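Asks: what's the 3D shape of this:
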Amino acid sequence: MEFISYVRIGVDEVVNQRLAKTVGVAALSIATMGLFIPQAAAHRADNLPAGLDCERLHCTNNTNTDYIVDYKIFCGDIRTGKVADVFDTNDLVTAHQNKTLYPGCHRGEPLHTDFQDARESHIPDHWPSGSAG
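Replies: Numbering: from 1, shown residues only. Presented below is the predicted three-dimensional model:
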């Protein structure tokens with residue numbers, strides 16, 4: 001009986017060592033993926049002013065300033081991801097607004113965006129009243 005107990009303890013140790021190695025490799029793989037996936041998957045613009053956050057087809061303006069956001073839109077087939085058209089456009093995102101962008105694709109549907117820049121909008125809050133001159 002002692003021989004069987006000794007063999008069983010030895011087998012358990014080997015199994016535990018293999019399990020520990022497998023778990024260690026899996027944890028390292030997951031940690032490595034976590035470093036790279038957010039950077040590859042995000043379509044976020046880092047070149048926009050602080051407080052203006054645009055990602056995919058949505059912008060959130062947490063500032064007191066209205067911005068005109070310039071971006072490239074890539075249009076095509078959603079099922080295949082094949083780009084059929086690329087064009088430059090812009091949208092007004094007012095102060096404290098959460099806005100979904102609806103660019104007009106001529107061929108296909110919006111696939112993704114490349115946010116280029118944002119500039120302050122100088123559209124007056126109200127138009128002057130009265131007649132000119």
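Asks: those helices in this protein, which residues are they?
Replies: Here the chain has its helices, by DSSP state H, at 2-41.
Asks: how does it divide up, domain by domain?
Replies: Using automatic domain parsing, the domain ranges for the chain come out as 1-41, 46-120.
Asks: can you tell me which of these the model trusts least?
Replies: The minimum mean pLDDT among the domains of the chain belongs to domain 1-41 (a mean of 52).
Asks: Is Asp91 bridged to anything, and to what?
Replies: Beta-bridge partners for Asp91, by DSSP bridges, are Val69.
Asks: That one: neighbouring residues, count only.
Replies: Residues lying near Asp91 (other C-beta atoms under 10 Å) number 18. C-beta: built from backbone N, CA, C; applies to glycine.
Asks: For Ala95, see how far away Asn64 is.
Replies: Separation of Asn64 from Ala95 (C-beta to C-beta, to the nearest Å): 5 Å.
Asks: more neighbours, the two?
Replies: Legend: neighbour count by other C-beta under 10 Å for Asn64 and Ala95, higher for Ala95 (13 against 8).
Asks: thinking the more buried one is in contact with Thr63, fair?
Replies: Yes: Ala95 is within contact range of Thr63, at 6.1 Å (criterion: C-beta atoms under 8 Å).
Asks: burial count for Tyr67?
Replies: Look at Tyr67: counted by other C-beta under 10 Å, it has 25 neighbours.
Asks: Distance of it relative to Tyr102?
Replies: 17 Å.
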